[in-house]
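Colleague: Generate coordinates for the sequence data below:
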Amino acid sequence: MRLIRRKIAVAVLLAYVFFSLYAAYSVFFSKKVISRVHRVVKKSSADNTKAGEEEWNPWEEDEHADSITVLQKRREAYRSYQERIAKSRPKRYKVQILGKAAIGLYLWEHILEGPLNPTDKTGQWREGEIQSGKINFSFYTGPAVVQGHVPLDTDSVVLVLNGREQQKISYSIQWLQHVQALFQAHTISKVAVVLLGSEQCTNDWISPYLKRQGGFVDLLFLVYDSPWVNDKDVFQWPLGVATYRHFPVVMPNTQMVSSARPYICNFLGTVYKNSSRETLLGILKQNGLEKQCLTNAREKWLPQETADTSRQYQMALAQSDLTLCPVGVNTECYRIYEACAYGSVPVVEDVLTPGACADGRSSPLRLLKDAGAPFIFLKDWKELPAILEKERVMSQAEKTERRMRLLEWYTGFRQQMKDKFTEVLEESFFKLS
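Modeller: Just a heads-up that it's a prediction; the model follows:
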């Protein structure tokens, strides 16, 4: 029995030794056999070790394709969002205004309330930009603004011209011919004109340039009560203040509205022989009103004022409850608008002057009357003493309320003209309604 056990133990020992020797041989002496999978894994591990990348992923290509799809969807969504924003944002249109008459400054600074650079009023070249409605306006003015040297960044142009006298008309025709050449060359396609017309409303010289007469001018904004006005292609435009004399943009303040003024009325201006202005001054003198009304008459009209005379005139407006506005060559005069700017109620001689201006129900001063101007109208200066008598018994509170009403009206009137000007251009130039 012992012999059998000894044989088994020897056999087990021999088997152990044999397998130990085989294992040692396999590890240290036999050639390694590596499967394809092992080679791929080993190679990938080695490459990743060198490049510092992640381990190989058999689903990597699919994941990469999915990430590209997500990125594309995000980009498309952002592009769609931008398009919606662009569509919701109102489209802007460009109109360029060339101010070759002083009333261009009334349009730009007083109506559109646009800035001008440089601010020096004697600048040779001044320009500005402002937005009104859906239009971005640019404005150029000054002696250096000459034909062929104005940068056009739009095909829509407004030309501001003076047609009061023959010399001014000749200059205006030169500009119209220049713009006509641009129109024929297809550089511009839409043209409007703001015209300081004749005080007798004789403006036949511009008729051939109007589109309705075979010309190229789409719209005409015309000063004075012209019978041409139809609110279709010819619109009435206010004379405004004397910007050629550098009358400023006046900003109302509390003192201007509520302070008591030392004079009942004022009249500073040129007095022509045998005119109603002579009659006016005679009535003031006859009724002993010269001390209550600030007056300064001169016999000859001067196109420019000195710094002193300008200051005296503006002070007279600011210190008077009423401003007397006798007719000149036309009923409409700068003094009416300048009095409004200072809250001094215009007393207007409501008489139609000789000429070809419209003689309608609201004429003269059709534009101002239709806008509900809170003026005092009279047909004869003999009515003035009774008007001034009422002023003497009016309380300061009543005068303050009236002054405030006038200032508010004038602000609203200019806003109304701004809106009308913008809307007419939008509809005619860009077919917006």
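Colleague: For the rest of this, base every contact and every neighbour count on C-alpha atoms.
Modeller: Fine.
Colleague: lowest confidence element among the helices and strands of this structure?
Modeller: In the chain, no helix or strand scores lower on mean pLDDT, DSSP states H and E than helix 36-51, which sits at a mean of 45.
Colleague: what's the span of stretch 391-402 from first residue to last?
Modeller: 12 Å (CA to CA, to the nearest Å).
Colleague: Oh, that last question was meant for stretch 325-335, not what I typed.
Modeller: Counting by CA to CA, the terminal residues of stretch 325-335 are separated by 7 Å.
Colleague: What are the contacting residues of it?
Modeller: Stretch 325-335 is contacted by residues 199-200, 224, 239-242, 267, 276-277, 280, 336, 346-354, 364-365 when judged by CA atoms under 8 Å, 6 or more residues apart in numbering.
Colleague: what does stretch 242-260 give?
Modeller: 102-103, 105-106, 109-110, 121, 241, 303-305, 318, 334, 341-343, 396, 400, 403-404, 407.
Colleague: can you check stretch 221-234 too?
Modeller: Residues from elsewhere that reach stretch 221-234 (CA under 8 Å, 6+ apart): 192-199, 201, 218-220, 235-239, 332, 356-358, 363-367.
Colleague: Isn't residue 322 up against residue 346?
Modeller: Yes: the pair residue 322 / residue 346 is scored as a contact, 5.9 Å apart, by CA atoms under 8 Å.
Colleague: picking up where we left off before, restricted to helices, list the contacts of stretch 221-234.
Modeller: Under the assignment DSSP state H, these contribute 366, 367 to helices.
Colleague: Which among the contacts of stretch 221-234 count as buried?
Modeller: Buried members of those, scored by 16 or more other CA atoms under 10 Å, are 192-199, 201, 218-220, 235-239, 332, 357-358, 363-367.
Colleague: picking up where we left off before, give me the buried subset of the contacts of stretch 325-335.
Modeller: By 16+ other CA under 10 Å, the contacts of stretch 325-335 give 199-200, 224, 239-242, 267, 276-277, 280, 336, 346-353, 364-365 as buried.
Colleague: These in strands, which ones?
Modeller: Counted as lying in strands by DSSP state E, out of the buried ones among the contacts of stretch 325-335, are 267, 346, 347, 348, 349.
Colleague: ok, the second one - contacts?
Modeller: If I follow you right, that is residue 346. Applying CA under 8 Å, 6+ apart to residue 346 gives the contacts 322, 323, 324, 325, 336, 339, 340, 375, 376.
Colleague: Chain neighbours aside, what residue packs nearest to it?
Modeller: Distance criterion CA to CA, 6 or more residues apart in numbering; nearest residue to residue 346, sequence neighbours excluded, is residue 323 at 4.8 Å.
Colleague: Return the set of residues that bridge with that neighbour.
Modeller: Taking DSSP bridges as the rule, residue 323 bridges to residue 266, residue 346.
Colleague: In the protein, where is pLDDT below threshold?
Modeller: 1-3, 10, 12-13, 17-19, 21-66, 85-90 (pLDDT under 70).
Colleague: switch the cut-off to 90
Modeller: For the chain, the stretches with pLDDT under 90 are 1-92, 121-122, 148-153, 272-274, 289-291, 297-307, 359-362, 432-433.
Colleague: Quick check: buried residues in the helix of greatest length in it?
Modeller: Using DSSP H, we find that the single longest helix of the chain is helix 396-430. The neighbour-count check on helix 396-430 (16+ other CA under 10 Å) flags 399-400, 402-407, 409-411, 413-415, 417-418, 421-426, 428-429 as buried.
Colleague: part of a helix, is residue 74?
Modeller: Yes: with DSSP: H, G, I helix; E, B strand; the rest coil as the criterion, residue 74 is assigned to a helix.
Colleague: returning to that earlier point: tell me which other helices or strands the longest helix of the chain touches.
Modeller: When contacts are defined as 3 or more CA pairs under 8 Å, 6 or more residues apart in numbering; DSSP states H and E, helix 396-430 sits against helix 254-258, helix 334-341.
Colleague: how far does stretch 179-191 stretch from start to finish?
Modeller: One end of stretch 179-191 sits 8 Å from the other (CA to CA).
Colleague: if I look at residue 246, how far off is residue 309?
Modeller: Going from residue 246 to residue 309 by CA to CA gives 12 Å.
Colleague: Compare those two (neighbour count), which wins?
Modeller: Set residue 246 next to residue 309 and count neighbours by other CA atoms under 10 Å: residue 246 wins out with 16 against 12.
Colleague: roughly how far apart are that one and residue 363?
Modeller: 29 Å.
Colleague: same deal with residue 67?
Modeller: Distance from residue 67 to residue 363, by CA to CA: 76 Å.
Colleague: next one: residue 337
Modeller: Counting by CA to CA - residue 337 and residue 363 are separated by 17 Å.
Colleague: do the same with residue 148
Modeller: Counting by CA to CA, the gap from residue 148 to residue 363 is 41 Å.
Colleague: Then residue 325?
Modeller: 16 Å.
Colleague: mind listing the strands in this protein by residue range?
Modeller: 93-99, 126-132, 135-141, 156-162, 190-196, 219-223, 234-237, 263-270, 293-298, 320-325, 345-349, 376-378.
Colleague: so which of those is the most packed in?
Modeller: Comparing the strands of the chain by mean neighbour count (mean count of other CA atoms under 10 Å), strand 320-325 ranks first with a mean of 26.
Colleague: Any idea how far that one is from the middle of the chain?
Modeller: How far strand 320-325 lies from its chain's middle: 32 Å, per CA atoms, centre = their mean, to the nearest Å.
Colleague: what does stretch 370-380 give?
Modeller: Relative to its chain's centre, stretch 370-380 lies at 30 Å (CA atoms, centre = their mean).
Colleague: mind saving the C-alpha coords of that stretch as PDB?
Modeller: Extracted C-alpha coordinates of stretch 370-380, given in PDB (Å, rounded to 0.1, in the frame of the first residue of the first chain):
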ATOM      1  CA  ASP A 370     -55.900 125.300 -41.200                       C
ATOM      2  CA  ALA A 371     -53.500 124.300 -38.500                       C
ATOM      3  CA  GLY A 372     -55.600 126.300 -35.900                       C
ATOM      4  CA  ALA A 373     -53.000 129.000 -35.200                       C
ATOM      5  CA  PRO A 374     -54.000 130.900 -32.000                       C
ATOM      6  CA  PHE A 375     -53.300 134.300 -33.400                       C
ATOM      7  CA  ILE A 376     -55.200 137.600 -33.300                       C
ATOM      8  CA  PHE A 377     -56.400 138.400 -36.800                       C
ATOM      9  CA  LEU A 378     -57.600 141.900 -37.800                       C
ATOM     10  CA  LYS A 379     -58.500 143.500 -41.200                       C
ATOM     11  CA  ASP A 380     -57.600 147.100 -40.300                       C
END
